[in-house]
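1. Provided below are the primary sequence and the corresponding predicted coordinates.
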Amino acid sequence: MNQHMNVVSDDIPLHLDDKPHDECGIFGIYAPGRDVARLTFFGLYALQHRGQESAGIATSDGRTAYFHKGMGLVSQVFNEENLSPLKGHIAIGHNRYSTTGSSNLRNASPYLIETVHGPMGVAHNGNLTNALQLRHMLLRRGVGLSSTTDSEVITQMLSAPPEVWLDGHYLDINGDNLDLWQTRIQAFMQIADGAYSLTILTRDGVYAVRDPYGLRPLCLGEIDGGYVVASESCALMTIGAKYLREIEPGEIVRLNADGISSIVGREPQRRALCIFEYVYFARPDSMLEGQGIHSVRQRMGQQLAREAPADADIIVPVPDSAVPAAIGFSQQSGLPYTEGLTKNRYIGRTFIQPDDQLRRDMVRLKYNPLASNLKGKRVVLVDDSIVRGNTSGPLVQLIRDGGATEVHVRVSSPPIRHPCFMGVDMATYKQLIAHKLDIESIRKQIGADSLDYLSLPGMLRAVEEGVQNEKSGHCTACFSGQYPVSIPEWLLSDERDKLILEGVWG
């Protein structure tokens, strides 16, 4: 959270939820003979859930690059008038939700610059945990920066030979048979820490890059003799592309006239895909690690019902993200599943301040109770996560207002006790309710008759049951506090909050 975002209370953004937010969705395509700008538009449209603050597309025809970006949703940023000039057969695209850098146009992506070797654009999902160090390194070398994002740092690092920004430090880079951009990407990967999935546009093709831990997702597809990369497989299905595989951790994939080629940019560390992709981020129709997200969330609900049953009459989800878990809870418990909350699907993000009464009743802007389903019932209200806890109490009250006699809250993930530093807006230690309170205290605060969470072993069991890759591994840091990458001390201190307020980090 940074000071540029409008709020309805001290720490509640106007998108009126209490969920973590992924930094962005990225897309890339090499497809001669196709309208790649239009395909990228629809790919970003499918990835809209990953970022709603800004959107951008950059294209290349092999000689010249074109781009357009703006603040807002994909459908607000693009129209026929500004999409048609984006010519070429190569494109990258980006949806942004700010975690590093403030929410304004100068921080919107992709970044597109001109280099001695032609245009280069970068779209980035994740956070570099050593972004400030790399930023200072560039500034000392005389590189000017116009934004506060680590995405621009990555762009500037890739725009020049490594010896320009390495201050004479030696890196063991395997340069044999590598092209210019592969060499630069590989050099960047040796000193970049944290999470990054990248799509990189050049004059001749697209490069797809994933950090050695595989913290953020990225997949590869094929379309009419061309190739596509995207944060999630749902974007491939939307444009009619065939899913091929995931980009491997530490891999650099090149898409150009020669087809697909791949090298190791940095040897993979222990794999640590963000487990919150399964809990909340990814669209339910996407695939990760060879399994459907919807089926994993159902298994989470089933496991939750085994671990934390409730003496109740009906199962009600918090729409829409908790629906699969609620279905799973119903299947395991034998209690009937029904809708208890109807959602206003057109709330989205708004910058119109509500009056004082609406501030107090802000959840009513997004949900209304279905009294005919709730009256006289003992309800299990299933949610997928609780972050700050500022909407859980009003939701419980809405269910009671609908006539429920009891409300038992069940959460299909463990308590979130630690912030994320790898590309997710997961709030700070001071804001995380489960960092400050135990479960019984949270129950009292939200006004539920009972409250329970899925255990960490239970969540891992539900996720790993269907994983097709025996090398898989997951980051659970927001639950366990065990970070897969080294976290600088300042990020764990009050200095982080200061830099967030200054719009420099977070």
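-> Yep, that arrived.
2. which residue ranges of the stretch 251-400 of the chain form strands?
-> For the stretch 251-400 of the chain, strands defined by DSSP state E, counting those that start in this stretch occupy the ranges 251-256, 259-264, 273-274, 287-288, 291-292, 314-317, 341-343, 367-369, 378-383.
3. ok, Ser330 touching Ala322?
-> No - assessed by Cβ atoms under 8 Å, Ser330 is found out of contact with Ala322, at 11.9 Å. (Glycine included, C-beta is placed from N, CA and C.)
4. any idea which of the strands of the stretch 251-400 of the chain gets closest to Pro415?
-> Proximity to Pro415, assessed across the strands of the stretch 251-400 of the chain by Cβ to Cβ, is greatest for strand 378-383 (12.2 Å).
5. which parts of the stretch 351-500 of the chain are helices?
-> Secondary structure of the stretch 351-500 of the chain (DSSP state H, counting those that start in this stretch): helices at 356-360, 371-374, 392-401, 433-436, 439-446, 456-464, 477-480, 494-501.
6. and stretch 148-158, how far from the chain's centre?
-> A distance of 19 Å separates the centroid of the chain from that of stretch 148-158, by Cα atoms, centre = their mean, to the nearest Å.
7. swap that for stretch 293-304, please
-> That offset, for stretch 293-304, works out to 20 Å (Cα atoms, centre = their mean).
8. could you give the average pLDDT over that stretch?
-> The average pLDDT for stretch 293-304 rounds to 98.
9. show me what counts as buried in it.
-> Using 16 or more other Cβ atoms under 10 Å as the test for burial, stretch 293-304 gives 293-294, 296-304.
10. and for stretch 451-460?
-> Those would be 451-455, 458-460, for stretch 451-460 by 16+ other Cβ under 10 Å.
11. what's next to it, contact-wise?
-> 275, 279, 300, 303-304, 306-308, 408-415, 439-440, 442-443, 462, 474, 476, 479-480 (Cβ atoms under 8 Å, 6 or more residues apart in numbering).
12. go with 6 Å
-> Stretch 451-460 has contacts (Cβ atoms under 6 Å, 6 or more residues apart in numbering) with 303-304, 307-308, 409-415, 439, 443, 479.
13. most neighbours among those residues, which one is it?
-> Neighbour counts for those, by other Cβ atoms under 10 Å, peak at Ser412, which reaches 33 neighbours.
14. that residue contacts Gln302, correct?
-> No - taking contacts as Cβ atoms under 6 Å, Ser412 lies outside contact range of Gln302: 9.6 Å.
15. just to revisit the earlier point, out of the contacts of stretch 451-460, what pair is the most spread apart?
-> Using Cβ to Cβ, the two most remote members of those are Gln303 and Arg443, lying 20.5 Å apart.
16. and for Ala131, the neighbour number?
-> Residue neighbour count, defined by other Cβ under 10 Å, stands at 24 for Ala131.
17. in the stretch 301-450 of the chain, where is pLDDT below threshold?
-> Counting by pLDDT under 70, the stretch 301-450 of the chain shows low-confidence ranges at 346-361.
18. quick check, pLDDT for the residue lying closest to Ser75 once chain neighbours are set aside.
-> Spatially, and ignoring its direct neighbours in sequence, Ser75 is nearest to Tyr45 (7.0 Å; Cβ to Cβ, 6 or more residues apart in numbering). Here the pLDDT value assigned to Tyr45 is 97.
19. if I look at Tyr45, how far off is Leu83?
-> 12 Å (Cβ to Cβ, to the nearest Å).
20. and if you look at Ser372?
-> Counting by Cβ to Cβ - Ser372 and Leu83 are separated by 45 Å.
21. who's more crowded, the two?
-> With neighbours defined as other Cβ under 10 Å, Ser372 and Leu83 compare such that Leu83 has more, 17 against 10.
22. ok, the residue lying closest to that one once chain neighbours are set aside to Ala46 distance?
-> Of all residues not flanking Leu83 in the chain, Ala37 sits nearest, at 5.5 Å (Cβ to Cβ, 6+ apart). Applying Cβ to Cβ, the value for Ala37 to Ala46 is 15 Å.
23. one more: Leu86?
-> Counting by Cβ to Cβ - Leu86 and Ala46 are separated by 18 Å.
24. tell me which of the helices of the stretch 351-500 of the chain is the most buried.
-> Sort these by mean neighbour count, taking mean count of other Cβ atoms under 10 Å, and helix 477-480 sits at the top with a mean of 23.
25. got the CA positions of it in PDB?
-> Only the C-alpha atoms of helix 477-480 are listed here, as PDB (Å, rounded to 0.1, in the frame of the first residue of the first chain):
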ATOM      1  CA  ALA A 477       6.500 -17.500   3.600                       C
ATOM      2  CA  CYS A 478       3.400 -15.400   4.300                       C
ATOM      3  CA  PHE A 479       2.200 -18.300   6.500                       C
ATOM      4  CA  SER A 480       5.400 -19.700   7.900                       C
END
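26. show residues contacting it.
-> With contact meaning Cβ under 6 Å, 6+ apart, helix 477-480 is reached by 414, 416, 418, 420, 426, 456, 483.
27. please redo it, this time with the cut-off set to 10 Å
-> Residues outside helix 477-480 that contact it (Cβ atoms under 10 Å, 6 or more residues apart in numbering): 20, 215, 272, 274-276, 279, 385, 387, 413-422, 424, 426-427, 432, 434, 453-456, 459-460, 483-485, 487.
28. contacting residues around Ala241?
-> With Cβ under 10 Å, 6+ apart, Ala241 has these contacts: 29, 31, 39, 43, 219-224, 226-230, 233, 235.
29. take the residues you listed and keep only those in strands.
-> Members of the contacts of Ala241 lying in strands (criterion: DSSP state E): 29, 219-223, 226-230.
30. other SSEs contacting the top helix by length along the chain?
-> Ranked by residue count and defined by DSSP state H, the top helix of the chain is helix 293-307. Contact here means 3 or more Cβ pairs under 10 Å, 6 or more residues apart in numbering; DSSP states H and E; on that basis helix 293-307 packs against strand 314-317, helix 323-333, strand 378-383, strand 406-411, strand 450-453, helix 456-464.
31. and those as TSV, adding distance to Gly194?
-> Below are these laid out as TSV (distance: least, Cβ to Cβ, whole Å):
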stretch	distance to Gly194
strand 314-317	34
helix 323-333	29
strand 378-383	29
strand 406-411	28
strand 450-453	28
helix 456-464	22
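32. and Ala257, which of the ones you listed is closest to it?
-> Of all the helices and strands packed on helix 293-307, helix 456-464 sits nearest to Ala257, with 39.0 Å by Cβ to Cβ.
33. angle of the closest one against helix 293-307?
-> 150 degrees (axes from the mean of the first three to the mean of the last three Cα atoms, to 10 degrees).
34. next, the angle from helix 456-464 to helix 323-333.
-> Counting by the same axes, to 10 degrees, helix 456-464 points 110 degrees away from the direction of helix 323-333.
35. contacts only, for the nearest residue to Asp285 once chain neighbours are set aside.
-> Leaving aside its sequence neighbours, Asp285 sits nearest to Cys234 (Cβ to Cβ, 6+ apart; 5.2 Å). For Cys234, the contact set (Cβ under 10 Å, 6+ apart) comprises 25, 43, 46-47, 49, 219, 243, 282-287, 293.
36. now, these that are in helices?
-> The helices, defined by DSSP H, take in 43, 46, 293 from these.
37. could you dump those into a markdown table with distance to Glu248 added?
-> Listed next are the ones in helices among the contacts of Cys234 as a markdown table, based on distance: Cβ to Cβ, whole Å:
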| residue | distance to Glu248 |
| --- | --- |
| Gly43 | 21 |
| Ala46 | 23 |
| Ile293 | 20 |
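38. looking at those, which one is closest to Thr129?
-> Nearest to Thr129 among these: Ile293, at 26.5 Å, using Cβ to Cβ.
39. alright, calling it a day.
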